[in-house]
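Colleague: Fold the following for me, if possible:
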Amino acid sequence: MAVESVEARAGSPGAEELERRAINVIRGLAMDAVQKANSGHPGTPMALAPLAHVLFTRIMRYDAGAPDWPDRDRFILSAGHASMLLYSMLFLTGYGLELEDLKQFRQFGSRTPGHPEYRHAPGVEVTTGPLGQGFANGVGVAIVERHLRERYGAEVCDHRVFSICSDGDLEEGVSHESASLAGHLGLGRLVYVYDDNHISIDGPTELAYSDNVPSRFHGYGWHVLELGEQSEDVDALEAGLREAMAVEDRPSLVILRSHIGYPSPNFTDTAKAHGNPLGEDEVARVKEILGMPAEDFWVPDDVLAFYRQHGARGRDTRAAWEARVDEYRGRETERAADYDLFLAGKGRDGWRSKLPAWDAGEKLATRVACAKVLDALIDEFPGLLGGGADLTGNTGTELDGRSPLTRDDFTGRQIFFGVREHGMGSIMNGMALSGGALPFGGTFFVFSDYMRPAPRLAALSRAKVAFVWSHDSIGLGEDGPTHQPIEQLMAVRAIPGLRVIRPADANETAQAWRIHLEGEGPTALLLTRQGVPVLAGTAERAPTGVERGAYTLVDEQPRAGAPDGADADVVLVGTGSEVQLCVAAAEVLQGDGLAVRVVSMPSWELFAAQPESYRHDVLPSGVPTLAVEAGASLGWERYADDVVAIDHFGASAPGSVAMAEFGFTPENVVARARVLLALEPEGPGK
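Modeller: Predicted coordinates:
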């Protein structure tokens, strides 16, 4: 529900004039900041200043003094290039941005980067800019809101998600995927305004875009409201938004025909206004038209006081919510305790003892182990929510016996995302950044290519998302090279801030989940389709070893007659399903009288974060080192002298056959180690 308006809404003298000047101040700040930076997008903030004004003064329920209030309405600027629209409102309403921050727009180290970035400034809910991402993020936020409301009650969760999206957002494929799922789930607290300004960077949108947007969203099951030429009418904007808010059984798209750059005499409705400063002369003309002084960054005291009053108008509503939550907690029910754990993203005391463990010699795919870990922890972590992109059972993301989340029952923990990898990843980012939710989503690793923007933005935002990617090598077999990842492992390792873990067996898989749940930011879990043996030593060593990224799994045995603690002759380093090959090869080489160490290296990122002394202890310098990984060899030179890898596409065959044909056997590892040690000449080999 909307909070009652302040005096300016009550028909006080000069209220209409004050609102008009307030809207023009937004336009002036956008023009001035972009002009000062000599970079940016002034046209959309100018055109949508009335809409932003209505949202922040008449519609949204928030308290600028408590930007992390869990039950606040969320505003997501999916059209992130219009960032000055958001920054202006965050300054004016009192979120903590200062006028100096606006003057530092797009400058190094500022809190006002070129596109909104989560954690840079209070009030920025998600990182947007890559078009379509904010659209999908909002769907994730709305999923968590409805799940919380139905699971714990409207007394503790009752908010909405508002977003502004552009033609670019709607052209990007991720918006199709996420809009389809939102309509399917009936997300009625989702209100998006489509800024239909007919302009793109290349020129008129008609150059490449003629979609029937209303029909498209009707087809998705959305409520669609066409406001037409109402972008300057604040009362019509409010009425349209309230009509959309009244629809509770489906998301709403409000289509607004705006005029980019308005009221610039030379650049209204032109591509020039989209991505370029207007120029000092044009800025001066616009200010003259608006009746504003020529002063840069002009904000009169009465306008600032007006917006600050609105920024604080949700204070009483927040206080009432806090009182309800205190009373809710005072009941000391399990549901109340779960609610707190959910918001905190935490597990119950003692949850680590629930982690399953396996005995050496058992054999199961790490994707199967993943499902068993989730089944063991789902009751320990109220915030765990997730599933797969039509591959739920295949990827180890199926929750045994758990009800699915559906439009008729949103209390379920199992989410069926459908064949929507890109949408799934970006929706999960929104879920994580909504506060407390611990989303996970699975697909085949090769399809990480379809969703690559999502883990990149998760890393940039430090969103706590578990990207579960199974079928992680040519070992998946018969589906062939179209489905067999080769270069993907190195590609995701290249993303800064993404914790990539490729466990060797079930015990390492359990520890990978522990590390994710105890840590911050996103994790990529790379899992096998094929069964792999539980290796001797992982039950004891993986709990400390996996969190350090690499550890000695098999200690070198001193050569006959050598003193205790003799150095290894060779180190075999494996990841994932190839660690077993290193263990088997070590047994053969030890039979030759060699001292062989086997290192399991599930995570380059975690290993790189360790002290140099630890890294040297695990991979001692001067000892010949052979790596074994069923992926591209690129990058292994930092850790190994040679690598058994695959730098070409695979083949359709049973997984064990494909692995053998391409050299992933103990015998080939032995042969390559002997060549590395110059114990035999290099042959054609694998």
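
Colleague: how about Ala142, what does it touch?
Modeller: 161, 182, 187, 189-190, 251 (CB atoms under 8 Å, 6 or more residues apart in numbering). Just so you know, the C-beta spots here come from the backbone N, C-alpha and C atoms, and that holds for glycine as well.

Colleague: neighbour-wise, which of those leads?
Modeller: Leu190 (30 neighbours; other CB atoms under 10 Å).

Colleague: ok, for that one, nearest residue in space, not its chain neighbours?
Modeller: Leaving aside its sequence neighbours, Leu190 sits nearest to Pro251 (CB to CB, 6 or more residues apart in numbering; 3.8 Å).

Colleague: just checking, the one you found touches His184?
Modeller: No - at 10.3 Å, Pro251 does not count as touching His184 under the criterion of CB atoms under 8 Å.

Colleague: check contacts around the residue nearest to Leu190.
Modeller: Contacts of Pro251 (CB under 8 Å, 6+ apart): 142, 179, 182-183, 186-188, 190-192, 222-223.

Colleague: now Pro263
Modeller: So Pro263 contacts 46, 286, 289-290 (CB under 8 Å, 6+ apart).

Colleague: go on, Phe105?
Modeller: Applying CB under 8 Å, 6+ apart, we find Phe105 in contact with 33-34, 36-37, 40, 84, 87, 112.

Colleague: let's see it at 7 Å
Modeller: 33, 36-37, 40, 84, 112 (CB atoms under 7 Å, 6 or more residues apart in numbering).

Colleague: and it, that's in a strand?
Modeller: No - Phe105 sits outside any strand when classified using DSSP: H, G, I helix; E, B strand; the rest coil, being coil.

Colleague: Tell me how far it lies from Asn38.
Modeller: Distance from Phe105 to Asn38, counting by CB to CB, to the nearest Å: 10 Å.

Colleague: Then His120?
Modeller: The value you get for His120 to Asn38, if CB to CB is used, is 21 Å.

Colleague: Which one of these two is surrounded by more residues?
Modeller: His120 (14 against 9).

Colleague: hang on, isn't that one packed against Ser110?
Modeller: No - look at His120 against Ser110 with CB atoms under 7 Å: they stay out of range, at 8.4 Å.

Colleague: Val599 contacts Gly549, doesn't it?
Modeller: No - look at Val599 against Gly549 with CB under 7 Å: they stay out of range, at 10.3 Å.

Colleague: residue contacts, the residue nearest to Gly537 when sequence neighbours are not counted?
Modeller: Distances taken as CB to CB, 6+ apart place Leu553 nearest to Gly537, at 5.2 Å, with adjacent residues excluded. Residues in contact with Leu553 (CB under 7 Å, 6+ apart) are 535, 537-538, 541, 579, 598-600.

Colleague: can you check Arg111 too?
Modeller: Neighbours of Arg111 in contact, by CB under 7 Å, 6+ apart: 97, 101, 120-121.

Colleague: same deal with Thr443?
Modeller: Applying CB under 7 Å, 6+ apart, we find Thr443 in contact with 388-389, 391, 395, 421, 469.

Colleague: Just these: which are in helices?
Modeller: Glu421 (DSSP state H).

Colleague: Identify, from the contacts of Thr443, the entry nearest to Phe342.
Modeller: Nearest to Phe342 among the contacts of Thr443: Gly388, at 21.9 Å, using CB to CB.

Colleague: For that closest one, list each beta-bridge partner.
Modeller: On the basis of DSSP bridges, Gly388 is bridged to Phe416, Gly442.

Colleague: Please look at it and Thr397 and confirm they touch.
Modeller: Yes - contact between Gly388 and Thr397 holds when scored by CB under 7 Å: they sit 4.6 Å apart.

Colleague: Find residues that contact each of those two.
Modeller: 441-442.

Colleague: top of the contacts of Pro263 by neighbour count?
Modeller: Met46 (31 neighbours).

Colleague: For the longest helix seen in the chain, which residues meet the burial criterion?
Modeller: In the chain, ranked by residue count with DSSP H as the criterion, the top helix is helix 15-37. Going by neighbour count (16 or more other CB atoms under 10 Å), the buried part of helix 15-37 is 15, 18-37.

Colleague: continuing past that helix, what's the next helix or strand?
Modeller: Per DSSP states H and E, the first helix or strand lying C-terminal to helix 15-37 is helix 43-47.

Colleague: Which secondary structure elements does that next one sit against?
Modeller: Here helix 43-47 touches helix 15-37, helix 83-93, going by 3 or more CB pairs under 7 Å, 6 or more residues apart in numbering; DSSP states H and E.

Colleague: With only the CA atoms kept, save it in CSV.
Modeller: Once non-C-alpha atoms are left out, helix 43-47 reads as follows in CSV (Å, rounded to 0.1, in the frame of the first residue of the first chain):
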residue,chain,number,x,y,z
GLY,A,43,18.1,12.1,-22.7
THR,A,44,16.3,9.3,-20.8
PRO,A,45,16.7,10.9,-17.4
MET,A,46,15.3,14.2,-18.8
ALA,A,47,12.3,12.4,-20.4
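
Colleague: how far is it from where the chain is centred?
Modeller: Mean C-alpha position of helix 43-47 versus that of the full chain (CA atoms, centre = their mean, to the nearest Å) differs by 28 Å.

Colleague: Name the surrounding residues that touch it.
Modeller: By CB under 7 Å, 6+ apart, the list of residues contacting helix 43-47 reads 26-27, 30-31, 79, 81-82, 84-85, 88, 195, 197, 231, 258-262, 273-274.

Colleague: Now the element after that helix, going C-ward?
Modeller: helix 49-54.

Colleague: Can you point out the buried residues in the helix or strand following that following helix?
Modeller: Using DSSP H and E, the helix or strand that follows helix 49-54 towards the C-terminus is strand 74-77. Buried residues in strand 74-77, defined by neighbour count with 16+ other CB under 10 Å: 74-77.

Colleague: ok, now stretch 183-192?
Modeller: Buried-residue list, stretch 183-192, by 16+ other CB under 10 Å: 183, 185-192.
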